[in-house]
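Asks: predicted structure and sequence below. I'll ask about it afterward.
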Amino acid sequence: MKSVSPICAETAPGPCSIVIFGASGDLAARKLIPALFRLFERDLMPESFLVLGCARSAMSDEEFRSRMRGALSSAGISVPKKLSDLFFSNVKYVSGDYSDKATYARIEQELSAFEKSSAVSGRLFYLSIPPSVFEQVLQMLGENGLVQEDYDGIPWRRVVIEKPFGRDSSSAADLERHLSSTLKERQIYRIDHYLGKDTVQNILMMRFANTVFEPVWNNRYIDSVQISVAESIGVEHRAGYFDKTGLLRDMFQNHILQLLSLVAMEPPSSFESERIRDEKAKLLNSLRPFPADPSELSRLIIRGQYSSGSVNGKLFPAYRDEPGVPKDSITETYVAGKFHIDNWRWNGVHFHMRSGKRLSRRISEVAIRFKQIPHSIFGFFGAGEIARNELILRIQPDEGFSLKINAKKPGSKFCMGEVDMDFKYRDLGAPVAEAYERLLLDTMQGDSTLFIRKDCIQLSWAFLDPVLKAWEDRGNLSSNKLYFYPACSDGPEESRTIFGSETSSWRDL
Ligand SMILES: NC(=O)c1ccc[n+]([C@@H]2O[C@H](COP(=O)([O-])OP(=O)(O)OC[C@H]3O[C@@H](n4cnc5c(N)ncnc54)[C@H](OP(=O)(O)O)[C@@H]3O)[C@@H](O)[C@H]2O)c1
């Protein structure tokens with residue numbers, strides 16, 4: 001496929017400081033510092049900036065810098081010394097306890113010293129800390145005046161929070177109360193790194209920058225939509241977190257419902273963040289609620305957990321035998337569901353969603369399956385024998401998309417077969433940017449399009465609450481079964497059989 005030069009609109013943000021709470025942790029080292037450095041390499045960091053790491057671990061500026069240099073090389077970034085010296089000359093570190101006023105006084109001192117050079121410098125506070133400390137840090141930021149904006153938000157003060165955004169509707173509402181007691185909604189950036197991927201943003205471009213898709217993007221032409229987010233890894237070092245969370249919260253509440261809303265929402269009037277988020281909220285509001293009777297749930301959504309399994313002679317343990325997982329855990333590592341959207345566009349279309357850990361392959365994709373042709377003019381084949389068209393949007397890996405269509409194949413007059421029109425991002429030559437690069441740049445520029453608004457969080461939890469409640473009730477295990485599947489397989493057999501013929505054709509992982 002040929003491509004013309006892209007129309008790119010990308011400029012460096014104005015001066016700002018980025019304070020990373022939890023700077024000694026995994027996310028800062030693996031994602032945040034590498035993403036900031038890559039932006040710097042691409043001339044997309046502000047001309048004047050300060051990165052201020054903050055955590056309880058005692059470290060000097062130099063020790064922190066050296067640790068972060070190590071993080072860059074672990075992230076596979078080869079760093080020319082001159083460039084990295086220039087980047088790290090803007091990096092500092094403050095250690096302290098989050099409950100201690102003195103910690104915030106030291107942060108304020110560093111920020112004020114930096115801001116002497118620019119009166120309109122923004123401040124970005126990234127909460128890369130466990131959710132249990134969100135509330136305390138937010139309160140202290142507010143009480144110590146670090147996030148105070150004037151009435152029109154100049155200079156800006158923004159706070160990024162990482163998921164999980166609560167565990168259910170009520171804990172999410174508690175978190176929102178804390179956030180809104182300190183910050184205005186425009187200051188809050190709720191991040192789901194999935195939405196920063198080029199391939200996820202491509203869903204909007206495909207739908208709304210082309211004339212060919214939108215006319216057929218409805219129940220007249222689309223039979224079903226499948227969203228699959230599969231991981232080949234197990235819980236790794238996150239067993240403690242995952243066992244209390246489960247896959248429904250970890251993957252469905254955000255990634256999958258956000259993907260679904262991008263695929264199914266109505267066209268927004270502009271690419272402006274509020275217009276897009278309005279449409280996402282409308283879509284989430286149109287999801288058909290799960291039945292109140294828990295015993296009816298299993299027709300629409302099932303859960304599974306991996307047992308041991310082997311591939312190429314290598315044995316993988318069962319979830320319950322992973323370090324840190326209780327032997328009687330009923331936490332789900334797999335979920336498959338059939339959702340419906342109650343509006344004119346989607347009436348009758350099945351939306352099949354599945355996600356799991358320790359499956360046969362790592363893949364995230366959206367498959368749009370079109371209806372059969374209404375009538376066949378090819379005498380040898382009935383309409384039902386001609387393959388349906390499919391549009392596959394590959395989120396990762398092998399980022400790109402393909403359209404399966406029927407075409408004349410060389411050979412006899414009636415020789416027909418499926419061909420793939422395939423586009424791969426890697427063919428463009430440019431590397432696909434890391435999601436955190438996009439998202440950090442957007443936060444510095446004040447573009448909240450790819451971040452999740454409060455109402456979308458509430459709507460997602462409200463949709464999933466009945467399922468969470470039913471699954472957490474151990475007494476209810478007979479009607480809300482936990483299906484086991486071998487590690488490295490395609491998930492429980494029941495995900496095919498329970499949904500009958502409609503999902504018997506899950507795409508292969
Ligand atoms: N890592 C990921 O890939 C990932 C992905 C999605 C979302 N997240 C979210 O991003 C946030 C950070 O993740 P992470 O993996 O970097 O977490 P982490 O490594 O477990 O913790 C980050 C830092 O927080 C500090 N910390 C830990 N427990 C604390 C406590 N009880 N009180 C105060 N500080 C504490 C520690 O620094 P000190 O001991 O030095 O203070 C630690 O280095 C979390 O909210 C997580 O859920 C992470």
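Replies: Okay, I see it. Numbers count the residues shown, from 1 in each chain.
Asks: just give the number of residues close to the residue of the stretch 301-450 of the chain found nearest the ligand.
Replies: Proximity of the stretch 301-450 of the chain to the ligand (C-beta to the nearest ligand atom) peaks at Y436, 9.8 Å away. Glycine gets a C-beta too; all of them are placed from N, C-alpha and C. If you count neighbours by other C-beta atoms under 10 Å, Y436 ends up with 21.
Asks: from memory it sits against K31, does it?
Replies: Yes - applying C-beta atoms under 8 Å, one finds Y436 in contact with K31, separated by 4.6 Å.
Asks: may I have the beta-bridge partners of R394?
Replies: E365, G400 (DSSP bridges).
Asks: surely it is in contact with G400?
Replies: Yes - using C-beta under 8 Å, R394 makes contact with G400 at a distance of 5.3 Å.
Asks: mutual contacts of these two, please.
Replies: T199 (C-beta atoms under 8 Å, 6 or more residues apart in numbering).
Asks: any idea of the mean pLDDT for stretch 303-316?
Replies: The average pLDDT within stretch 303-316 is 93.
Asks: which outside residues touch that stretch?
Replies: Outside stretch 303-316, the residues that reach it (C-beta under 8 Å, 6+ apart) are 234, 247-248, 317-321, 329-336, 356-358, 360, 471, 480-489, 491-492, 494-495.
Asks: list the contacts of V147.
Replies: 123, 125, 141, 157, 159, 182-183, 187.
Asks: hang on, the earlier thing: overlap in contacts, Y436 and K31.
Replies: The contact lists of Y436 and K31 share H193, where a contact means C-beta under 8 Å, 6+ apart.
Asks: from the contacts of V147, which land in strands?
Replies: Applying DSSP state E to those, the entries found in strands are 123, 125, 157, 159.
Asks: tell me what the last one is bridged to.
Replies: On the basis of DSSP bridges, V159 takes part in beta bridges with F125, I188.
Asks: ok, it - contacts?
Replies: 124-127, 138, 141, 147, 179, 183, 187-189.
Asks: which of those lies closest to the ligand?
Replies: Distance to the ligand across the contacts of V159 (C-beta to the nearest ligand atom) is lowest for L127, with 7.1 Å.
Asks: the closest one: neighbouring residues, count only.
Replies: 20.
Asks: surely it touches E135?
Replies: No - in this structure L127 lies outside contact range of E135 using C-beta under 8 Å: 10.4 Å.
Asks: OK, contacts around the nearest residue to the residue of the stretch 301-450 of the chain closest to the ligand once chain neighbours are set aside?
Replies: Leaving aside its chain neighbours, Y436 sits nearest to A35 (3.7 Å; criterion: C-beta to C-beta, 6 or more residues apart in numbering). Each residue near A35 by C-beta under 8 Å, 6+ apart is listed here: 434, 436-437, 439-440.
Asks: change it to 7 Å
Replies: 434, 436-437, 440 (C-beta atoms under 7 Å, 6 or more residues apart in numbering).
Asks: low pLDDT regions in the stretch 251-400 of the chain?
Replies: Regions of the stretch 251-400 of the chain meeting the criterion pLDDT under 70 are absent.
Asks: all strands for it, in order.
Replies: Taking DSSP state E, counting those that start in this stretch as the test, the strands found in the stretch 251-400 of the chain are 301-307, 309-311, 314-316, 334-339, 350-356, 363-370, 390-396, 400-408.
Asks: residue of this structure nearest the ligand, please.
Replies: G25 (2.4 Å).
Asks: and the gap between that residue and L72?
Replies: 16 Å (C-beta to C-beta, to the nearest Å).
Asks: who has more neighbours out of those two?
Replies: Taking neighbours as other C-beta under 10 Å, G25 and L72 compare with L72 leading, 19 against 16.
Asks: hmm, stretch 224-235 touching the ligand?
Replies: No - under the criterion of C-beta under 6 Å from any ligand atom, the ligand is not reached by stretch 224-235; the shortest gap measures 12.2 Å.
Asks: quick one, what contacts L287?
Replies: Contacts of L287 (C-beta under 7 Å, 6+ apart): 339, 341, 463.
Asks: get me the contact residues on the stretch 1-150 of the chain for the ligand.
Replies: 22, 24-27, 55-57, 98, 128-133.
Asks: of these, which belong to helices?
Replies: Applying DSSP state H to those, the entries found in helices are 26-27.
Asks: output the lowest mean pLDDT helix or strand found in this protein.
Replies: Least confident helix or strand of the chain, by mean pLDDT, DSSP states H and E, is helix 501-504 with a mean of 56.
Asks: local confidence estimate at the closest residue to M444 other than its chain neighbours?
Replies: Once flanking residues are discounted, M444 sits nearest to P13: 3.8 Å by C-beta to C-beta, 6+ apart. Here the pLDDT value assigned to P13 is 91.
Asks: who's in contact with P13?
Replies: Contacts of P13 (C-beta under 7 Å, 6+ apart): 46, 441, 444-445.
Asks: equivalent analysis for S295, please.
Replies: Here S295 is in contact with S479 (C-beta under 7 Å, 6+ apart).
Asks: which one of the contacts of L287 is nearest G196?
Replies: Among the contacts of L287, F463 lies closest to G196 (C-beta to C-beta), at 23.3 Å.
Asks: how many other residues sit next to N347?
Replies: Using other C-beta under 10 Å, N347 has 11 other residues around it.
Asks: cool, and K327?
Replies: 7.
Asks: re the thing from before, need the pLDDT of the closest residue to the residue of the chain closest to the ligand other than its chain neighbours.
Replies: Among residues not flanking G25 along the chain, S128 sits closest, at 5.9 Å (C-beta to C-beta, 6+ apart). On the pLDDT scale, S128 is placed at 96.
Asks: likewise S495?
Replies: On the pLDDT scale, S495 gets 90.
Asks: where does it fall, secondary structure wise?
Replies: If you go by DSSP states H and E, S495 is part of helix 494-497.
Asks: what's the answer for D85, then?
Replies: helix 81-88.
Asks: buried ones in that helix?
Replies: 84, 87-88 (16 or more other C-beta atoms under 10 Å).
Asks: can I get those residues in CSV including pLDDT?
Replies: Shown next, in CSV, are the buried residues of helix 81-88 (pLDDT from 0 to 100):
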residue, pLDDT
S84, 92
F87, 96
F88, 96
